[in-house]
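model the following, please.
(3 chains)
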Amino acid sequence: MKKTIIVFSGDLDKALAAFIIANGAAAMGDDVTMFFTFWALNILRKPQAPAHKKSFLQGMFGGMMPKGPAKLGISKMNFGGMGAKMMRRVMRQQNVNSLEELIQTAREQGVKMIACTMSMDVLGFKEDELVDGLEYAGVATYLGEADESNVSLFI
Amino acid sequence: MKKTIIVFSGDLDKALAAFIIANGAAAMGDDVTMFFTFWALNILRKPQAPAHKKSFLQGMFGGMMPKGPAKLGISKMNFGGMGAKMMRRVMRQQNVNSLEELIQTAREQGVKMIACTMSMDVLGFKEDELVDGLEYAGVATYLGEADESNVSLFI
Amino acid sequence: MKKTIIVFSGDLDKALAAFIIANGAAAMGDDVTMFFTFWALNILRKPQAPAHKKSFLQGMFGGMMPKGPAKLGISKMNFGGMGAKMMRRVMRQQNVNSLEELIQTAREQGVKMIACTMSMDVLGFKEDELVDGLEYAGVATYLGEADESNVSLFI
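Alright, predicted model coming up:
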């Protein structure tokens, strides 16, 4: 049965949870759709993206928000990024896959990743600022996917 | 099919997500129930509400928490309200509906909005401090709605 | 019908929401599974736990994170624990059950509580540091429970 996950948070810890669930379901043979909206678009940003003309506010948001998985903070005890760094290190010590590896596995397992176009408009993200292999759609598409799913999560 | 959303967060960004999903589903012909609990009750507060005798702690919570959609902060990068102001402005520039408009649309589309009575008791909110047109109920009602739904989210 | 709740947050307010929903569903005759992962493991920590040799980082995380329900903060307006203290007091004044009582009720009602083993490995928690009566499992078990449920939440 299909699983659909709205990924709203751009925190490292919640992104990890989302991909661990997605990959687990895909490994068990489920279709999985992840719908990335708002802060979660930061998970999908390329570290080096082509420059675009943006509104002043979009430029500010874009400049202050993390560019890709390596820059994400954790939702608690982040201490300006030190918490995230510690989290990454302890995960490596415990042989847990990094977020980058989990994203790669999700792609290989055919997890469908959709970037929310309304959020992209608001935050001023163009398609070439986000990683390749995404689909682009809005809330109607999400709802269509959710209607076919037996588990729907908002993370 | 019915959709049921628990709105727990009182952050502007999450409230927007909740209403965009609710309105999208209602536009596609679904029954939608939103169950507002805890911080999310702040979304429903009237900016000017009649005074009530409250316990000292309830008065403190009520005084410090935002009174209605215009006062909500965003969950990240709020910077004492400046982030929320920027978010509202960039949404206006991108012709995205404001939270106030989304709430209005939800009403017009017949989205059922329930205020959690247990949270109201804890936080000391009376019915006339919240906007009109709400239903008032507890967790059993939520569970009844969720049992009839094919999508249940906690936001 | 079964309900499955992923409890990811270790905040007092969200833990309360999770247990109120779980207990409500159990009282209505539903099977309920709670899957505790990441920060939510702190809800299950014994205040006085046996000492274990841990990595430096695990020791740091363990030392800084709250040990059990009495130490949890609230997700907003916590002010170094004062907000949580106020929340507990106002709940008592309103005769709402404390988190400790809700956990006890969940046990008595047969709510299945699973601690996420991958999170335990990352954070360095051993079984005897967590309260008794838990099951220990990973994401595959969660997905199996969710597949049997008509409501799945991520809190």
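
other residues contacting stretch A:64-80?
Outside stretch A:64-80, the residues that touch it by C-beta atoms under 8 Å, 6 or more residues apart in numbering or on different chains are A:9-15, A:39, A:42-47, A:49, A:81, A:83-84, A:87, A:98-100, A:103, A:123, A:131, B:77, C:10, C:39, C:61, C:64-65. In short, each C-beta sits where N, CA and C put it, glycine included.

same question for stretch A:84-104.
Under the contact criterion C-beta under 8 Å, 6+ apart, stretch A:84-104 has outside partners A:12-13, A:15-16, A:19-20, A:23, A:43, A:69-70, A:72-74, A:78, A:105, A:131, C:55, C:57-58, C:60-61, C:118, C:121-124.

ok, now stretch A:121-128?
Among residues not part of stretch A:121-128, those counted as contacts by C-beta under 8 Å, 6+ apart are A:38, A:41, A:45-46, A:49-50, A:52, A:54-55, A:58-59, A:61-62, A:65, A:115, A:119-120, A:134, A:136, B:87, B:90-91, B:94, B:96.

mind checking which helix or strand A:A140 is in?
Using DSSP states H and E, the element containing A:A140 is helix A:139-147.

now do that helix, average pLDDT.
Along helix A:139-147, the predicted local confidence has a mean pLDDT of 98.

near chain B at all, that helix?
Yes - for a cut-off given as C-beta under 8 Å from any C-beta of the partner chain, helix A:139-147 has contacts with chain B, namely A:V139, A:A140, A:Y142, A:L143, A:A146, A:D147.

filter these down to the ones close to chain C.
Applying C-beta under 8 Å from any C-beta to the residues of helix A:139-147 next to chain B, one finds that nothing falls near chain C.

between the residues you listed, which is nearest chain B?
The shortest approach to chain B among the residues of helix A:139-147 next to chain B belongs to A:V139, at 3.9 Å (C-beta to the nearest C-beta).

could you give the number of residues near that closest one?
Using other C-beta atoms under 10 Å in any protein chain shown as the criterion, A:V139 is surrounded by 23 other residues.

and it, what does it touch?
A:C116, A:M118, B:I20, B:I21, B:G24.

what's the closest of those residues to C:D31?
The nearest member of the contacts of A:V139 to C:D31, counting by C-beta to C-beta, is B:I21 at 27.3 Å.

pretty sure the closest one sits against B:K3.
Yes - checked against C-beta atoms under 8 Å, the pair B:I21 and B:K3 is within contact range at 7.4 Å.

now do the shared contacts for those two.
Taking C-beta under 8 Å, 6+ apart as the contact rule, the neighbours common to B:I21 and B:K3 are A:L143, B:L153.

same drill for these two, tell me which one is more crowded.
When B:I21 is set against B:K3 and neighbours are counted by other C-beta under 10 Å, the residue ahead is B:K3, at 27 against 24.

so the more buried one sits in a strand?
Yes - with DSSP: H, G, I helix; E, B strand; the rest coil as the criterion, B:K3 is located in a strand.
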